[in-house]
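# got a predicted structure here, sequence first:
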Amino acid sequence: MGKVICIFPEDRTTDFLMPIYEQLEEITDFIGYRFDTNDLCKTQSLYSELNTMNDISMLLFLGHGASNTLYGSVDENGDKQELFNKNNISNLNKINFVGVACRSKEFAHNSFKNYIGFGDITSDFSEIIAERNYGNPNYLDWATEIDIKKFQKLFVESIKNAIQLSKCSDISLLYKMMKLCFNKQIAELIRQKNIPNYLHLADMMFNILSEMTICLS
């Protein structure tokens, strides 16, 4: 097994993903990058190290994403800054990639041969407020900030447990463990029925699971 790399840009809106990063730190030959990517010296060093590093078995990204980019930290104005696009990551296309980010399956489709990717992930209550104010006023009208924090915990726990079970030894095994852990969380929500809005939360988890994709060349 080669090196397991994780890139996790500093951003308060993705701090809830930290338990995933901490679980990865327990893997032998793990290398983590957790810093403010507005520091151009550190970011250039990251690019350089990725380009010259040998024997990478899996590359994970934790953060914000879109169909054409993976974002780094926000700038002083609060705007997300592009960290990776298909051009500056093209030399890594043979590495197994796991993108824990919005629309990472679309990004990975154009950038990697083997990957696990996600669709839309509603992970911050501010996103819901913005959609209600400027788009659909009834968007997730049942949800409060407490509900979204609960969803964050369920989402993170599923991925953390999958990493613990698979040890990221194989991308197919990691995907199977992710499916298992998401399904277990959904089943627990429905069985216990002791969490407010448990059915809505189960639906959110099911939507994540149904959009999660693996591609193997």
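Structure received.
# so which other helices or strands are in contact with the strand or helix carrying Q44?
Mapping Q44 onto the secondary structure by DSSP states H and E places it in helix 40-52. Here helix 40-52 touches no other helix or strand, going by 3 or more CB pairs under 8 Å, 6 or more residues apart in numbering; DSSP states H and E. For every residue, glycine as well, the C-beta is placed using N, CA and C.
# which element follows that helix toward the C-terminus?
Sequence-wise, the next helix or strand downstream of helix 40-52 (DSSP H and E) is strand 56-62.
# figure out how far the following helix or strand past that following strand is from the centre of its chain.
Proceeding N to C from strand 56-62, the next assigned helix or strand is strand 65-66, under DSSP H and E. With CA atoms, centre = their mean, to the nearest Å as the basis, strand 65-66 stands 10 Å off its chain's centre.
# just list what the helix or strand immediately after strand 65-66 in the chain packs against, helices and strands only.
Sequence-wise, the next helix or strand downstream of strand 65-66 (DSSP H and E) is strand 69-74. Under the contact definition 3+ CB pairs under 8 Å, 6+ apart, strand 69-74 sits against strand 80-84, helix 104-109.
# what is the helix or strand of the chain with the lowest mean pLDDT packed up against?
Here the helix or strand of the chain ranked lowest by mean pLDDT, DSSP states H and E is helix 125-134, holding a mean of 91. Packing partners of helix 125-134 (3+ CB pairs under 8 Å, 6+ apart): helix 145-166.
# give me the mean pLDDT for the helix it packs on.
What helix 145-166 shows for mean pLDDT is 97.
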